[in-house]
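In: kindly generate the corresponding structure for this input.
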Amino acid sequence: MAPSNATGMTLRDRLVANGGVASIAVFFICVCVYFSLATDGFLTNSNLLNIVRQSAPLLIVAAAMTFVITTAGIDLSVGSIIALIGSVAAISLQGGLPWPVMFIAMLALGALIGAVQGFFIAYEGIPAFIVTLAGLSIFRGIALLMTGGYSVPVDSDIGFVFLGRGWFLGMPVPALIAIAVLLAALLVFNQTRFGRYVTGIGANAEAVRRAGVNIKRVTLMVYVLTGTAAALASLLLTARLGSGSSNAGLGFELQVIAAVVLGSTSLFGGRGTVIGTILGALTVAVIANGLILSHLSPFLTPIVTGVIILVAIWLNFRLFSGGGKRR
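Out: Predicted coordinates:
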């Protein structure tokens with residue numbers, strides 16, 4: 001009887017997980033069909049490539065956020081990190097720093113920011129919400145202080161701009177970078193010990209600790225991932241726009257959280273899916289694009305995003321909280 005029950009529970013868990021991904025896939029298709037019928041330019045090749053290029057930063061950060069939320073954590077600072085990294089990058093380029101050196105330095109800075117936040121969360125026991133909420137304020141404040149609230153232009157003749165505006169093999173370079181990041185995230189999340197530890201910490205951190213895993217170090221590392229991902233996203237955005245701004249990334253953290261939760265990653269931890277996150281991020285991007293093509297007010301985008309977050313969290317609670325209690 002015991003093996004039969006165990007098998008039944010495994011199948012039920014898989015059904016719930018796959019059902020979440022399947023539901024967002026169906027919703028994504030419905031959204032695409034609606035906008036293709038409601039607008040003339042949605043299904044054009046140029047618009048589809050534009051969606052992929054513009055959603056690259058969202059896809060990159062959402063992939064990293066999947067690791068964080070799967071541990072039952074949260075990172076509210078990613079939008080402010082984007083503003084800070086973009087501002088520092090633009091100022092560094094104006095100061096004559098070679099762009100490859102700047103690129104590596106900004107990724108290192110993003111990782112450092114994530115490590116500092118991860119330290120307070122993992123080693124000092126401060127809730128992730130509090131730490132990253134403080135980071136949201138601090139990092140944007142530093143960016144505002146450095147730029148005076150103005151955009152810092154980037155010379156369009158340097159090679160750095162190619163990362164945001166270039167094309168390779170008929171695809172936008174930002175999209176190719178995002179695809180590479182997503183493939184790496186899929187591999188790490190599904191095929192490595194680190195990915196299993198992340199899921200285990202969200203499901204039962206004490207059991208993982210007793211198994212000999214340094215859960216503090218793993219927790220710290222997931223925030224290093226989001227810091228690095230936000231830095232990369234910022235660099236792509238700065239290269240595409242040709243400037244660094246302290247106002248960049250406003251509300252970006254809400255889009256990222258919406259993408260991850262909409263993709264059926266559990267806010268209670270222990271259950272995550274990169275595939276679902278990809279579909280969630282593309283859904284958020286398609287809705288924003290479709291609203292613009294429908295000639296509706298751009299101010300509807302944050303309203304729709306907020307509704308998506310509310311509905312996704314409600315479904316998340318209904319689907320996963322009961323399962324979490326049974327465990």
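In: and residue 37, which of the three is it?
Out: Here residue 37 is recorded as helix under DSSP: H, G, I helix; E, B strand; the rest coil.
In: can you tell me how far it is from residue 293?
Out: Residue 37 is 12 Å from residue 293, where distance means Cβ to Cβ, to the nearest Å. All C-beta atoms are positioned from the backbone trio N, CA, C, and that covers glycine.
In: with residue 97 instead?
Out: The spacing between residue 97 and residue 293, counted by Cβ to Cβ, is 39 Å.
In: do the same with residue 243
Out: Using Cβ to Cβ, we find residue 243 at a distance of 25 Å from residue 293.
In: could you do residue 139 as well?
Out: Distance, residue 139 to residue 293, by Cβ to Cβ: 33 Å.
In: looking at the two, which one has more neighbours?
Out: Taking other Cβ atoms under 10 Å, residue 139 and residue 293 do not tie; residue 139 has more neighbours (26 against 16).
In: spatially, which residue comes closest to that one, not counting chain neighbours?
Out: residue 80 (3.9 Å; Cβ to Cβ, 6 or more residues apart in numbering).
In: and that neighbour, backbone torsions?
Out: Main-chain torsions, residue 80, degrees, to the nearest 10: phi -70, psi -30.
In: run a quick neighbour tally on it.
Out: Residue 80, neighbours per other Cβ under 10 Å, totals 27.
In: in this structure, which spans are strands?
Out: Using DSSP state E, the strands found in the chain span residues 152-153, 167-168, 171-172, 243-244.
In: list the contacts of residue 87.
Out: 143, 146-147, 152, 244-246, 248 (Cβ atoms under 8 Å, 6 or more residues apart in numbering).
In: whoops, residue 68 was the one
Out: 74-75, 128, 222-223, 225-226.
In: now do residue 207
Out: Residue 207 makes contact with residue 200, according to Cβ under 8 Å, 6+ apart.
In: which one of the strands of the chain is the most hemmed in?
Out: Each of these was scored by mean neighbour count; the highest is strand 243-244, a mean of 24, by mean count of other Cβ atoms under 10 Å.
In: and that one, what does it pack onto?
Out: helix 78-94, strand 152-153 (3 or more Cβ pairs under 8 Å, 6 or more residues apart in numbering; DSSP states H and E).
In: looking at the strands of the chain, which is nearest to residue 308?
Out: Of all the strands of the chain, it is strand 171-172 that lies closest to residue 308, at 25.1 Å by Cβ to Cβ.
In: before we move on, the earlier item: can you pick the most crowded of the contacts of residue 68?
Out: Most neighbours among those, by other Cβ under 10 Å: residue 75, with 34 neighbours.
In: check the gap between it and residue 92 for me.
Out: As judged by Cβ to Cβ, residue 75 and residue 92 stand 24 Å apart.
In: tell me, what residue is most central in this protein?
Out: residue 62 (1.7 Å; Cα atoms, centre = their mean).
In: so what's that one up against?
Out: Neighbouring residues of residue 62 by Cβ under 8 Å, 6+ apart: 256, 259-260, 263, 277-278, 280-281.
In: what's the answer for residue 181, then?
Out: The contact partners of residue 181, taken as Cβ under 8 Å, 6+ apart, are 59-60, 63, 229, 232.
In: now the residues you listed as TSV including pLDDT, distance to residue 187 and neighbour count?
Out: Formatted as TSV, the contacts of residue 181 follow (pLDDT from 0 to 100; distance: Cβ to Cβ, whole Å; neighbours: other Cβ atoms under 10 Å):
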residue	pLDDT	distance to residue 187	neighbour count
59	96	16	27
60	97	15	27
63	96	11	28
229	97	15	29
232	97	17	26
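In: which of those lies closest to residue 104?
Out: Among the contacts of residue 181, residue 232 lies closest to residue 104 (Cβ to Cβ), at 11.2 Å.
In: excluding its backbone neighbours, what's nearest the closest one?
Out: Counting by Cβ to Cβ, 6+ apart, the nearest residue to residue 232 once its immediate chain neighbours are dropped is residue 60, at 5.7 Å.
In: next one: residue 47
Out: Using Cβ to Cβ, 6+ apart and skipping the chain neighbours, the partner closest in space to residue 47 is residue 41 (5.3 Å).
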